[in-house]
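J.: Structure, please.
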Amino acid sequence: MNPPAPAPCAYLGMPSQPYDLMPRTWKPARRLKETSMAEGSNLKTNLMQTPSFPEEIIKEILSPVLAISDDSFRSKAFSNRIPAQSPSNLLAVCKSWLRVATPLLYHVVIVRSQRQAKALARTLEGNELLATFITKLRLEGGYGPPMYHVLRLGKNIEELYLMVSTLSSDSVAGLCEGLPLINPRCLIFDTTGPLYVERNATTRTLIKASCQCIIEKWDNL
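T.: Numbers count the residues shown, from 1 in each chain. The predicted structure is shown next:
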């Protein structure tokens with residue numbers, strides 16, 4: 001005689017009949033969980049045993065995602081052409097992606113706020129190797145003391161974008177102090193801004209410090 005069909009409560013892992021009377025296609029919830037865990041463990045093992053891609057191939061895959069083109073880096077229409085955030089979550093995929101993506105992520109650095117400046121300075125001070133990857137730095141403000149530490153550690157900066165039309169409330173002391181510590185090959189002055197910004201004391205201080213570096217320090221230009 002065929003075993004009776006399971007009651008509706010069986011779908012919740014609560015069979016109305018003993019297991020040996022149930023159809024073979026039915027599994028209690030506990031068994032389903034154990035099976036899923038076993039299958040997941042086997043999948044993880046298979047992934048670990050799968051040969052990884054060469055890092056050269058990974059770089060070719062990640063470069064278009066992380067790269068910022070020269071045109072975008074130098075564009076005054078920054079709000080439309082430069083992404084607000086870099087997809088840094090790619091670094092968490094695996095160790096090989098972390099090794100490949102880290103230099104790509106720090107190759108071009110764009111600072112748009114005081115919060116970003118503080119976070120960048122804190123990160124570079126915690127791992128100075130990251131600062132050696134920076135070859136292009138775009139600053140859209142003064143951002144206070146943190147910029148001194150960024151420039152002090154960024155010895156390999158070759159291209160510097162300065163938005164010199166800063167607000168009078170913005171501090172450029174750290175930036176002005178750090179500018180002589182680098183020696184860029186290319187300098188981009190962005191003077192975009194209303195006249196009241198271009199003529200304030202903060203803007204004049206930054207322009208004066210930059211011109212002094214051009215004359216006395218930056219012999220790579």
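
J.: quick one: low-confidence ranges for the chain?
T.: For the chain, the stretches with pLDDT under 70 are 1-51, 55, 78-93, 193-198.

J.: just the strands in it please.
T.: For the chain, the strands defined by DSSP state E occupy 108-111, 136-139, 159-163, 186-190.

J.: Give the partner strands of the last one in its sheet and their orientations.
T.: Yep, that's strand 186-190 we're talking about. strand 159-163 (parallel) (DSSP bridges).

J.: So which residues make contact with the partner strand?
T.: Residues outside strand 159-163 that contact it (CB atoms under 8 Å, 6 or more residues apart in numbering): 73-74, 135-141, 182, 184-190, 192-193, 206, 210. Just so you know, the C-beta spots here come from the backbone N, C-alpha and C atoms, and that holds for glycine as well.

J.: rewinding a little: save the strands of the chain as TSV, and put in mean neighbour count and distance to Glu128 too.
T.: TSV is the format used below for these (neighbours: other CB atoms under 10 Å; distance: least, CB to CB, whole Å):
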stretch	mean neighbour count	distance to Glu128
strand 108-111	22	15
strand 136-139	23	16
strand 159-163	22	19
strand 186-190	16	24
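
J.: So what touches stretch 166-183?
T.: Stretch 166-183 is contacted from outside by 139, 141-152, 154-155, 157, 160, 197, 200-203, 205-206, 209-210, 213, 216-220, using CB under 8 Å, 6+ apart.

J.: Any idea how far apart the tips of it sit?
T.: End-to-end span of stretch 166-183 (CA to CA, to the nearest Å): 23 Å.

J.: returning to that earlier point: buried ones only from the contacts of stretch 166-183, please, as a ChimeraX command.
T.: Buried subset of these, written as a ChimeraX selection, criterion 16 or more other CB atoms under 10 Å:
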select :139,141,142,143,144,145,146,147,148,149,150,151,152,154,157,160,197,200,202,203,205,206,209,210,213,218
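
J.: Filter the contacts of stretch 166-183 down to the ones in helices?
T.: Secondary structure defined by DSSP state H assigns 146-152, 197, 201-203, 205-206, 209-210, 213, 216 of those to helices.

J.: closest to Val65 out of the strands of the chain?
T.: Val65 lies closest, by CB to CB, to one member of the strands of the chain: strand 108-111, at 12.9 Å.

J.: partners of that closest one, with directions?
T.: Neighbouring strands of strand 108-111 in its sheet, by DSSP bridges, are strand 136-139 (parallel).

J.: Please list the outside residues in contact with the strand it pairs with.
T.: Here strand 136-139 makes contact (CB under 8 Å, 6+ apart) with 68, 73, 78, 107-111, 147, 150, 154, 157-163, 175.

J.: again, only using 7 Å
T.: With contacts defined as CB atoms under 7 Å, 6 or more residues apart in numbering, strand 136-139 is touched by 73, 107-111, 147, 154, 157-163, 175.

J.: now, which of those sits nearest Leu62?
T.: Checking the contacts of strand 136-139 against Leu62 with CB to CB, the nearest one is His107 at 11.5 Å.

J.: Give me the distance between that closest one and Arg204.
T.: Remark: distance between His107 and Arg204 (CB to CB, to the nearest Å) = 32 Å.

J.: Could you check which of these two is surrounded by more residues?
T.: Using other CB atoms under 10 Å, the more surrounded residue of His107 and Arg204 is His107, with 16 against 13.

J.: and the gap between the more buried one and Ala131?
T.: Shown here: His107 relative to Ala131, a distance of 12 Å by CB to CB.
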